[in-house]
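Trainee: sequence plus predicted model, see below.
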Amino acid sequence: MALRVWNTLTDQKEELKPIVPGEVGIYVCGITVYDLLHLGHARFLVAFDTAVRYLRFSGVKVKYVRNWTDVDDKIIRRAGERGIAPTVLAAQFIDEARKDMLELNVVPADVEPKATEHIAEMVDIIQRLIDKGHAYAVNGDVYFAVRSFPPYGRLSRRNLDDLLSGARVDTNEQKRDPLDFALWKATKPGEPESVSWPAPWGRGRPGWHIECSAMCQKHLGVTFDLHGGGKDLVFPHHENEIAQSEAASGKPLANAWLHNGFVTLDSEKLSKSLGNFKTVRDLLQNWDGEALRTFLLSTHYRSPINFTYEAVAEADRRVDVLYEAQGKALAYLAQKKFAGQGKALESALTAFREAMDDDFNTARAMADLLALYSQINAKVDGKAAPQEVADLLESAKVTGAGLGLGWRPATEAVLRRRTLAAARKGIDPQWVAERIEARLLARKEKRYPDADAIRAECAAKGVELRDGPAGTDWRVPA
RNA sequence: GGCACCGUCGCCAAGUUGGUAAGGCAAGGGACUGCAAAUCCCUCAUUCCCCGGUUCGAAUCCGGGCGGUGCCUCCA
């Protein structure tokens, strides 16, 4: 068994060979916190959360570092609009982001460094770059001299002349070369004190790229295993990160670079300028976080995933299937007075590993997971030996946990999902209970047309009645 | 203009170090049900945008075309 990952640097799948056997250091470029999370954030969070879960599932000791970018132009502007300090604004949105992440079952990273807490490390790298002739200071700004670093462009596979011929190149006159980028931005008049730090070249704040170079080096070392982020970070962010870090250290930054694809809406990238972005918070008004996670994992992480309500509804139904089958299996085991312990099947574990070892193929792993639940249903229907059911159930739980799905206790999950769905649709559980009582009476008296009318009445409100041996239950389908 | 990626059943989506098309949804049939729901069983792409080529063999490799998207500016 060997995990193979797609490495943007080499443009191929290659076996992950940790620097320290059995241990993996991974850095993922996090969120610039000036607003609520949008679906694109959810995608990279879930993608890398799943990658980390799988590494741990494989017995690897992982150190996961995901930063918070808490100082940048947009944060400063928005904080100014609201009359609060940029750091306060950033702290607020970090809190909000954490709430959403909890719903998406995204575990906290082992280290979640903030840019503002690593200014000294950044200054240090910048100084080294100046000393080595890779950077220069002009009027308090410091720029990285792209032409001083020959490998520049390797990650994104573009050459400097192509970049220059690109339609829009910054014509900042302070730069020696239009391609050079800022390492340090001098504080401008009117900018808040709280985002201004002293440096040998004058007060200022860091450029965007340098923070990641400083944070990953501090927490993972000069060279580490995996570096990830969204595809849109390949250029210029990661290209610049590599240039800064490697020019300063003379050593490779990360051995493999992982990039997730975009979330699209009507097949177009979500973007604020198009006005088509969706916040996670908005979506959570209408969907269970687990459904969103299921939706995001239904496509391979490197491919684009198109957001539609139908797709999320389908994902939501999949979550239903999963917990319904769990509940069904547990009820069966209880009925059979099964007191044993299920043992995950080797065949299921192998299938899961094969899928995930292939560059985290969650789409395949999810298909396998659903197949397990299908088998559970078939076994229960076929009155199979309880041990068989218990083993399948354990297999599903273990592999599901590897994906971050199906982790809640079944009865709790079903009830929770129903409660959330009812609340969203303005359905009063008390009213449903009364309807069920009325229908029960009608059925007892064989007034079937009346009973059916009540069923139809409930259906019209989005409530589905389900008759079972233990009475009538209800749910709110997606 | 430069550089990439993508195009598989009505919809979603695996499969691309070549070996003879997973799965889900939808649809149809059956079992179960007073009717339903859920569940189970069965059916559902000789074919992978088009045209050439390489090969014993290609969805997978090569060339050309058509269509879509992204990056080149802040962006997950």
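Mentor: Happy to help now that I have it.
Trainee: show me how the record splits chain A into domains.
Mentor: Following automatic domain parsing, one finds the domains of chain A at A:4-269, A:316-411, A:425-475.
Trainee: could you dump those to a markdown table with mean neighbour count?
Mentor: Using the backbone N, CA and C atoms, a C-beta is placed for each residue, glycine as well. Listed next are these as a markdown table, based on neighbours: other Cβ atoms under 10 Å:
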| stretch | mean neighbour count |
| --- | --- |
| domain A:4-269 | 19 |
| domain A:316-411 | 18 |
| domain A:425-475 | 14 |
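Trainee: now tabulate those domains in JSON lines and tack on distance to residue A:296 and mean pLDDT.
Mentor: Rendered in JSON lines, the data for those read as follows (distance: least, Cβ to Cβ, whole Å; pLDDT from 0 to 100):
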{"stretch": "domain A:4-269", "distance to residue A:296": "5", "mean pLDDT": "93"}
{"stretch": "domain A:316-411", "distance to residue A:296": "9", "mean pLDDT": "95"}
{"stretch": "domain A:425-475", "distance to residue A:296": "24", "mean pLDDT": "92"}
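Trainee: which SS state does the residue nearest to residue A:54 when sequence neighbours are not counted fall under?
Mentor: Excluding the flanking residues, the one nearest residue A:54 by Cβ to Cβ, 6 or more residues apart in numbering is residue A:356, at 4.8 Å. Of the three states, residue A:356 takes helix according to DSSP: H, G, I helix; E, B strand; the rest coil.
Trainee: helix, strand or coil: sort out residue A:183 for me.
Mentor: Under three-state DSSP, residue A:183 comes out as strand.
Trainee: now it, nearest residue through space, not along the chain?
Mentor: Nearest non-adjacent residue to residue A:183, counting by Cβ to Cβ, 6+ apart: residue A:142, 4.5 Å away.
Trainee: show me the contacts for residue A:372.
Mentor: Applying Cβ atoms under 8 Å, 6 or more residues apart in numbering, we find residue A:372 in contact with A:348, A:392, A:395-396, A:399.
Trainee: point me to the residue of the stretch 1-150 of chain A nearest RNA strand B.
Mentor: residue A:40 (2.2 Å; Cβ to the nearest atom of the strand).
Trainee: that residue against residue A:230, yeah?
Mentor: Yes - here residue A:40 reaches residue A:230: they are 6.7 Å apart, a contact under Cβ atoms under 8 Å.
Trainee: and for those two, which residues touch both?
Mentor: Residues within reach of residue A:40 and of residue A:230 at once, by Cβ under 8 Å, 6+ apart, are residue A:262.
Trainee: phi, psi of the closest residue to RNA strand B within chain A?
Mentor: Closest contact between chain A and RNA strand B, by Cβ to the nearest atom of the strand, is at residue A:230 (1.7 Å). Here is the backbone geometry of residue A:230 (degrees, to the nearest 10): phi -70, psi 160.
Trainee: ok, for residue A:51, nearest residue in space, not its chain neighbours?
Mentor: Using Cβ to Cβ, 6+ apart, the closest residue to residue A:51 is residue A:360 (5.4 Å).
Trainee: now swap in residue A:91 and tell me
Mentor: Using Cβ to Cβ, 6+ apart, the closest residue to residue A:91 is residue A:70 (7.6 Å).
Trainee: for the one you found, give me its contacts.
Mentor: So residue A:70 contacts A:33, A:86-87, A:90-91, A:94, A:114-116 (Cβ under 8 Å, 6+ apart).
Trainee: let's see it at 6 Å
Mentor: Contacts here follow Cβ atoms under 6 Å, 6 or more residues apart in numbering; on that basis residue A:70 touches A:33, A:90, A:114-116.
Trainee: which strands or helices does whichever strand or helix holds residue A:126 pack on?
Mentor: Per DSSP states H and E, residue A:126 falls inside helix A:119-131. Counting contacts by 3 or more Cβ pairs under 6 Å, 6 or more residues apart in numbering; DSSP states H and E, helix A:119-131 packs against helix A:208-220, helix A:239-249.
Trainee: run the last query once more with 10 Å
Mentor: Contact analysis of helix A:119-131 by 3 or more Cβ pairs under 10 Å, 6 or more residues apart in numbering; DSSP states H and E lists strand A:135-138, strand A:141-144, strand A:181-186, strand A:204-206, helix A:208-220, helix A:239-249 as its packing neighbours.
Trainee: tell me where the stretch 1-150 of chain A has helices.
Mentor: For the stretch 1-150 of chain A, applying DSSP state H, counting those that start in this stretch gives helices covering A:39-57, A:73-82, A:86-103, A:119-131.
Trainee: could you give the angle of the last one to strand A:181-186?
Mentor: With axes from the mean of the first three to the mean of the last three Cα atoms, to 10 degrees as the basis, helix A:119-131 and strand A:181-186 are set at 120 degrees to each other.
Trainee: now do helix A:119-131 and helix A:239-249, the angle between them.
Mentor: Here helix A:119-131 runs at an angle of 70 degrees relative to helix A:239-249 (the same axes, to 10 degrees).
Trainee: ok, what's across the strand from the closest residue to residue A:72 other than its chain neighbours?
Mentor: Of all residues not flanking residue A:72 in the chain, residue A:32 sits nearest, at 5.5 Å (Cβ to Cβ, 6+ apart). Residue A:32 forms beta bridges with residue A:69, as assigned by DSSP bridges.
Trainee: which residues does residue A:32 contact?
Mentor: By Cβ atoms under 10 Å, 6 or more residues apart in numbering, the residues touching residue A:32 are A:41, A:67-75, A:90, A:93, A:115, A:208.
Trainee: which strands and helices sit next to the longest helix along chain A?
Mentor: For chain A, the helix reaching the highest residue count under DSSP state H is reported as helix A:309-335. Packing partners of helix A:309-335 (3+ Cβ pairs under 10 Å, 6+ apart): helix A:280-286, helix A:289-297, helix A:362-381, helix A:386-403, helix A:410-424.
Trainee: can you report phi and psi for the residue nearest to residue A:16 when sequence neighbours are not counted?
Mentor: In this structure, residue A:16 finds its nearest non-sequential neighbour in residue A:3, 4.7 Å apart by Cβ to Cβ, 6+ apart. When read as degrees, to the nearest 10, the backbone of residue A:3 gives phi -80, psi 130.
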